[in-house]
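1. the following block contains a protein sequence and its predicted model.
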Amino acid sequence: MAENSILSARQVSKRFGGLQAVDRVSFEVEPKGVTSIIGPNGAGKSTVFNLISGTFLPDSGEVVFDGKDVTHQAPEQKLASGMARSFQITNLFFDLTVMDNLRIASQRLESTQQLLKPFSKSRLALQRTDELISEFELERAADQLAGALSHGDQRRLEIAVTLATRPRLLMLDEPSQGMSQADTQETAELIRRLSQNMAILLIEHDVDLVMDLSQHVVVMAQGQKLAEGTPQAVRANPEVQTAYFGEATA
Amino acid sequence: MVSAEKRAIRIVEISLLVASILLFIFAEITGDTFYSRLATEALIFGGLALSVDLLLGLVGLLSLGQAFYFGFGAYLSAVMLKQVAPSFWLTMLVVLVTSALLGWVTSYIALRSRGVYFALITFGLAQVAAKVVYNTRALGASDGMIGVPILQIDFLFFRLDSSDPGQFFLLVFAVIALMYGVLRYITHTPMGAIWHGIRSNENRLAYVGFKSKGPKQVAFVIAAVIAAVSGALYPMLRGFVSPELLFFSVSGNAVVTAVLGGVGSLVGPLLGSVLLTFFKSVIGTWTVHHHIIIGTAFVIVVIFAPRGILGALSKRLASGSDRKGE
């Protein structure tokens, strides 16, 4: 399995002051399909995510992407390697238009020499921008400021921005956060479709959504990995049930 | 709204161009010196406000020390013209290169921090420079330097005389317009978009693959060059330089000018400088307390038109076209 995986986290740990937020967590992500991290609040899911995406550096352990040690790479280097992430709290260029958000996000497809040439010379980036606009049905919103979009549209734009450089690993931090039922379903479909061609690492609160989408689930509790396996196996695991629902008293 | 802003910018650009041509014709016919010199000064300080707007309006960095680069350009220009050679082109070239170098070196100090701390560091750097100049005998210390020579400026087919107010005004207009054009061009490139991205949400930039440091440094260096080149024109106009050019009042005035004109519009600060300079001159003939009036006007504008004159104009254009659309 290890030879097959696109991402492996090996014994990664992170301490914040007196709190061991993440304690020697290891898991693998397959090149295609959805791997999810679930766990109760405070389990350390988001910290793991931040360690992998380069927001924080781990105190120990390593992150290997596509056979390359990327543990100490900054976020922009990780993006260049093919790892992209979204944010739980919508994190866009709010006072730029949807079009400009996607343009900036696509600009990494071009060489740095294009930076001081007119926009029209960045053909790959512009083409990608158009693709994303039609793929995410943002045509009517293209000239609106990102900050003026509805919450659902902002969440979709967030994913579109993340996809702009055609990453091989997409890390989604609670993509359905604050979405309506219909939007959540739509997002689930999107994730399913994307996962046919890329690796997706998902953090999600909505357990049903996770079980429905994932091929592989990692369960965390109190900074440690509690269990992992297929959705069915994880669901049946008594330890997982305890972590989520507390000790059985009867 | 976006197109209204573009239209507002275009209107102001054309107005400034037309006004400048009219002023030049007026000066050539009547032999006026007062208004052309005032307008020249307005453009020179407009260049300084332009450099503030590049940092503040495009990248979101508040510099409280742009007078450092302005004063650097002014002093270097005075020294070059007096002691090396009375050559416009050589002086401009030297100012261009050395101010880029100065901007590059100081960017490492200033860009270590963000927000208020960035503002304070730029302020501090300018204060240090002002004190050094103020106490350097070779630069005239507190008296500054006088006796900058009149220049004959060679172009390929003609020659301008810096003591001719109309001609020199035209030259300054061309220099400022050129710098404005370069900035306007950059706003239409990915670099401009990245600057906007930094202003909007700097932390997000790394996750779309860019470090913010490099683009910020580019902006900082260009801003230093624009301020210094504007400053270099000052002794050619006035014939002297004084340490006041490096004082905080100059940096602060440039920020006020940019805010008044409309931050982020680039042309707004130029318009703001023209209006403020004339306003000061006119009110200055009535009362010595013109700062009170200008301060009050500033407060009123910030309250009622937070995005400056350009913001107010584009708002008006937008509501006008809405009504037409109905």
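-> Perfect, I can see it now.
2. could you name the helices and strands sitting against the longest helix seen in chain B?
-> In chain B, taking DSSP state H as the definition, the longest helix is helix B:2-30. Packing partners of helix B:2-30 (3 or more Cβ pairs under 8 Å, 6 or more residues apart in numbering or on different chains; DSSP states H and E): helix B:34-53, helix B:165-187, helix B:267-286, helix B:308-325. Placement of C-beta: from N, CA and C, glycine included.
3. now check the one helix or strand residue A:104 maps to, is it near chain B?
-> According to DSSP states H and E, residue A:104 maps onto helix A:98-106. Yes: remark: helix A:98-106 sits within contact range of chain B at A:100, A:103-105, by Cβ under 8 Å from any Cβ of the partner chain.
4. so where's chain B uncertain?
-> Residue ranges of chain B with pLDDT under 70: B:1-2, B:321-326.
5. how about the residues of it near chain A?
-> Contact residues, chain B versus chain A (Cβ under 8 Å from any Cβ): B:2, B:185-186, B:188-191, B:193-194, B:196-197, B:199-201, B:203-211, B:215.
6. need the nearest residue in space to the spatially most central residue of chain A, chain neighbours excluded.
-> The residue lying closest to the centre of chain A (Cα atoms, centre = their mean) is residue A:171, at 1.7 Å. Distances taken as Cβ to Cβ, 6 or more residues apart in numbering or on different chains place residue A:85 nearest to residue A:171, at 3.9 Å, with adjacent residues excluded.
7. which residues touch the one you found?
-> Counting by Cβ atoms under 8 Å, 6 or more residues apart in numbering or on different chains, residue A:85 touches A:49, A:53, A:75, A:162, A:170-173, B:207.
8. could you dump those to a markdown table with secondary structure and distance to residue A:91?
-> A markdown table is the format used below for the contacts of residue A:85 (DSSP: H, G, I helix; E, B strand; the rest coil; distance: Cβ to Cβ, whole Å):
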| residue | secondary structure | distance to residue A:91 |
| --- | --- | --- |
| A:49 | helix | 13 |
| A:53 | helix | 12 |
| A:75 | helix | 12 |
| A:162 | helix | 10 |
| A:170 | strand | 15 |
| A:171 | strand | 13 |
| A:172 | strand | 13 |
| A:173 | strand | 9 |
| B:207 | helix | 8 |
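9. may I see the residues you listed organised as TSV, with distance to residue B:317 added?
-> Below are these laid out as TSV (distance: Cβ to Cβ, whole Å):
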residue	distance to residue B:317
A:49	45
A:53	43
A:75	40
A:162	36
A:170	42
A:171	43
A:172	41
A:173	41
B:207	36
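10. pull the most distant pair out of the residues you listed.
-> Using Cβ to Cβ, the pair of the contacts of residue A:85 lying farthest apart is A:75 and A:172, separated by 15.4 Å.
11. neighbour count winner among the two?
-> Neighbours per residue (other Cβ atoms under 10 Å in any protein chain shown) separate residue A:75 from residue A:172, with residue A:172 holding more: 26 against 23.
12. up against chain B, what does chain A have?
-> Contacts of chain A with chain B, taken as Cβ under 8 Å from any Cβ, map to A:53-54, A:74-76, A:79-80, A:84-85, A:87, A:91-97, A:100, A:103-105, A:107-108, A:110, A:114-119, A:122, A:125, A:143, A:161-162, A:164-165.
13. the closest residue to chain A within the stretch 51-200 of chain B: neighbouring residues, count only.
-> Nearest to chain A in the stretch 51-200 of chain B, going by Cβ to the nearest Cβ, is residue B:200, at a distance of 4.1 Å. Applying other Cβ under 10 Å, we find 21 other residues in the vicinity of residue B:200.
14. one more: the one 5 residues further on?
-> Using other Cβ under 10 Å, residue B:205 has 22 other residues around it.
15. so it sits against residue B:212, correct?
-> Yes: look at residue B:205 against residue B:212 with Cβ atoms under 8 Å: they come within range, at 5.0 Å.
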